[in-house]
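J.: Sequence and predicted model, in that order:
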Amino acid sequence: MTTPINTSNRDTFWLPTLDDPPFQVYLVEQDPTGWRMIAGCILLGQVHRGQVGKKVEILFERWPNAERMAAASTRSSEYTELLELVSPLGSQFRRAKQVVEFSDQWLEHEEWKNSTKLWRFAGCSWYAAEAWRIFIDRDCATEPQDYVLHRWAKTYAGIRNRKLRNR
């Protein structure tokens with residue numbers, strides 16, 4: 001059984017409905033632009049998915065888009081609230097600052113929104129770029145370093161190949 005992601009400017013990409021889809025799938029389904037997925041990747045650095053998953057729902061209820069997150073400047077009460085929310089993940093000052101800076105840059109630099117320039121955004125690493133290639137660019141031929149991303153790239157490639165053969 002498969003489930004489509006609704007995207008406005010891309011072909012429909014079919015995702016497997018497995019018991020434990022990657023964290024990024026949920027975030028792309030909520031926001032096809034990729035902002036939530038990259039913000040989630042920033043929070044995910046050096047932390048288990050289970051820890052981040054609990055916080056991300058609260059975070060995106062409070063700050064649902066890049067505009068709202070960018071407005072949480074380091075001197076506002078919203079920033080203090082953000083620090084409290086991410087503190088159980090560790091490195092809360094770094095994480096909060098990077099998510100706010102990333103959001104501000106997301107609004108300013110449209111030209112950076114691709115896997116080859118993603119590293120220019122605050123807090124974005126190779127992991128975020130590989131996740132972008134798989135879940136936004138739909139590049140299943142990529143060879144991610146992360147074992148979970150690697151598994152999903154291969155799963156998506158198999159599903160896409162079966163769909164193309166069945167046309």
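T.: Done, it's in. Numbers count the residues shown, from 1 in each chain.

J.: Ignoring the adjacent residues along the chain, who's closest to the residue most central in space within the chain?
T.: With distances taken as Cα atoms, centre = their mean, Met37 lies nearest the centre of the chain, 1.4 Å away. Excluding the flanking residues, the one nearest Met37 by Cβ to Cβ, 6 or more residues apart in numbering is Leu27, at 4.2 Å. (Each C-beta comes from the backbone N, C-alpha and C, glycine too.)

J.: Now do the same contact list for the one you found.
T.: If a contact means Cβ atoms under 8 Å, 6 or more residues apart in numbering, then Leu27 has 36-37, 39-40, 56 as its contacts.

J.: Which element, helix or strand, includes it?
T.: helix 23-30 (DSSP states H and E).

J.: On the C-terminal side of that helix, identify the next helix or strand.
T.: helix 35-44.

J.: contacting residues around Trp132?
T.: Contact analysis of Trp132 by Cβ under 8 Å, 6+ apart lists 34, 37-38, 114-115, 118.

J.: That one: what secondary structure?
T.: helix (DSSP: H, G, I helix; E, B strand; the rest coil).

J.: quick one: it and Trp112, what's the gap?
T.: 11 Å (Cβ to Cβ, to the nearest Å).
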